[in-house]
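Undergrad: Here is a sequence together with a model predicted from it:
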Amino acid sequence: MGCSSCGTNTGGKPNGCKSNGGCSTGGCNRMNVHDWLTNLPISDAEIMCRIVEVSFNKGSRKEFYRNSTVHLFEKGDMVTLEGVSGFDVGEVSLTGELVRLQLKKKGVEENNPDIKKVLRRAGDRDLEQLRQNKEREPKALMRARSIARQLKLEMKLCEVEFQADGRKATFFYTADGRVDFRELIKAYASDFKVKVEMKQIGSRQEAAKVGGIGSCGRELCCSTWLTSFKSVTTIAARYQNLSINQTKLSGQCGRLKCCLNYELDTYLDALQGFPENADILETAKGNALLIKKDIFRNLMWYTLPESSKQYPLSIDTVRKIKSMNAKGIRPETLETEEVSSGKPKEIEPEFVDVVGQISLRTLEKNDRKKKFKNNNNKEQREPREQQKNLNLPSQQQQRGPKNNNPRNSGGNNGKAGFRNDKGNKGNNNQKG
């Protein structure tokens, strides 16, 4: 999901954006946090945060590590970290004071002894091992799916992530219920010769790992910035007057779109000014049923039985009718409001009978103009042709008569005359 000018240099760093290993657009690494303190000088090295945030697999997983070395790492540096019975390699995604804010947001203490350490800056050998083990992941995913299918387990494997040294593999899967994968772990351990870890994720986390483009035309929120997934129900769609259509309200994960919750609070605040228990209004023609509420125009739309016409009523009108119904009074008609679309109405042209009012004089004038113009051009063309005919004989006289025989041309005449003279000389000698 990188920018169009982004390329990959040796070591896995972005090359096209020229930002020293960190993409300036934030597209080369998911869930990025813009480090707006990166160019500020360090005031005191003793109080600075020694925790760095490291991302794995292009930002799909991020963890915190303690920098116990003497090096000061920057965003985009590849580092070697403590792993499970070995080491792992990741990319530094955040450093400095902003890491303290992320620790507070995730609920992790800075002095927690369980935080793993950064061993060293990644070398060529570490990066080569990382590359080799990453190349194993696609084939391992296909093999793992076939093994799960043979064991007839109702689960879907989404991703396989190998540790940099190849001693551990993490299998991410989705399932509707509980899965007994004890036999599956044994099969994976004997087949891949690694330590196996199984992690169950939801369908939204799966869509975040896969990525894609939403119906709005932008990248998925879950794969760019959204980290907490709240439950979404159809009640949110009803409050926003959206039709309950599963194909339109569902995202790429198959669940309701997370963006339905974005404007829900705004709609709830606007609906507080509408009267409650106004779903039915009693009228002389029958009970009027509420269809929808328009928070932008403060209107409530009703319909009467045995009629498809919709009646927009203001909030004050609805309250007035409710008070009349409480007294047992039913209004004869509904006082509707005039609804304007905001667009200027197009004025339709009126029909005018113009039969017999059109004359053909204008057409005759145009024909006359064309004929007069053609005659003038013809008259101007004739004297020019006559002048050319008069000048043609004088030019031919100056040049001389035209010889159509190619043998009698200027060069040929000289040659022919020379040969004839030579032949004549020969004949004269013989006579003498």
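TA: Received it, and whenever you're ready, just let me know what you need. Numbers count the residues shown, from 1 in each chain.

Undergrad: Settle this for me: Lys62 is touching Glu53, isn't it.
TA: Yes - Lys62 lies in contact with Glu53 (Cβ atoms under 8 Å); the separation is 5.9 Å. For every residue, glycine as well, the C-beta is placed using N, CA and C.

Undergrad: And the residue nearest to Ser55 when sequence neighbours are not counted, how far from Ala122?
TA: Closest residue to Ser55 apart from its sequence neighbours, by Cβ to Cβ, 6 or more residues apart in numbering: Ser93 at 4.2 Å. Taking Cβ to Cβ, to the nearest Å as the measure, Ser93 falls 14 Å from Ala122.

Undergrad: Please, where are all the helices along the stretch 201-350 of the chain?
TA: 203-210, 234-239, 246-249, 264-270, 315-326 (DSSP state H, counting those that start in this stretch).

Undergrad: ok now do Gly166, which residues does it touch?
TA: Gln129, Gln132, Asn133, Arg136, Val194 (Cβ atoms under 8 Å, 6 or more residues apart in numbering).

Undergrad: Repeat the analysis, applying 6 Å as the threshold.
TA: Asn133 (Cβ atoms under 6 Å, 6 or more residues apart in numbering).

Undergrad: Now it: phi and psi?
TA: When read as degrees, to the nearest 10, the backbone of Gly166 gives phi 80, psi 20.

Undergrad: Next up, identify which helix or strand Phe172 is on.
TA: In the assignment (DSSP states H and E), Phe172 maps to strand 168-174.

Undergrad: Next secondary structure after that strand?
TA: Following strand 168-174 in sequence, per DSSP H and E, is helix 182-192.

Undergrad: Now do that following helix, average pLDDT.
TA: For helix 182-192, mean pLDDT rounds to 92.

Undergrad: again, but for stretch 147-159
TA: The model assigns stretch 147-159 a mean pLDDT of 92.

Undergrad: Pull the contacting residues for the closest residue in space to Tyr65 that isn't next to it in sequence.
TA: Distances taken as Cβ to Cβ, 6+ apart place Val118 nearest to Tyr65, at 5.0 Å, with adjacent residues excluded. Residues in contact with Val118, defined by Cβ under 6 Å, 6+ apart, are Tyr65, Asn67, Val79, Leu81.

Undergrad: Same check on Glu159?
TA: Going by Cβ under 6 Å, 6+ apart, Glu159 touches Phe172, Lys209.

Undergrad: for the host helix or strand of it, which positions count as buried?
TA: Glu159 is part of strand 156-162, with elements assigned from DSSP H and E. By neighbour count with 16 or more other Cβ atoms under 10 Å, strand 156-162 contains the buried residues Leu157, Cys158, Glu159, Val160, Glu161, Phe162.

Undergrad: Can you give the distance of it from its chain's centre?
TA: 26 Å (Cα atoms, centre = their mean, to the nearest Å).

Undergrad: Parallel or antiparallel, list what pairs with it.
TA: Paired neighbours of strand 156-162 in the sheet (DSSP bridges): strand 168-174 (antiparallel).

Undergrad: just to revisit the earlier point, need the winner for burial among the helices of the stretch 201-350 of the chain.
TA: helix 203-210 (a mean of 19; mean count of other Cβ atoms under 10 Å).

Undergrad: List the contacts of that one.
TA: Ser60, Cys158, Glu159, Thr174, Cys222, Ser223, Phe229, Gln252, Cys253, Gly254, Arg255.

Undergrad: same thing with stretch 322-333?
TA: Glu282, Thr283, Ala284.

Undergrad: Kindly report the same for stretch 214-225.
TA: For stretch 214-225, using Cβ under 6 Å, 6+ apart, the contacting residues are Arg30, Arg204, Ala207, Ala208, Gly211, Gly212, Cys258.

Undergrad: out of the contacts of Val118, what pair is the most spread apart?
TA: By the measure Cβ to Cβ, Asn67 and Leu81 form the most distant pair in these, at 10.4 Å.

Undergrad: who has more neighbours, these two?
TA: Leu81 (22 against 19; other Cβ atoms under 10 Å).
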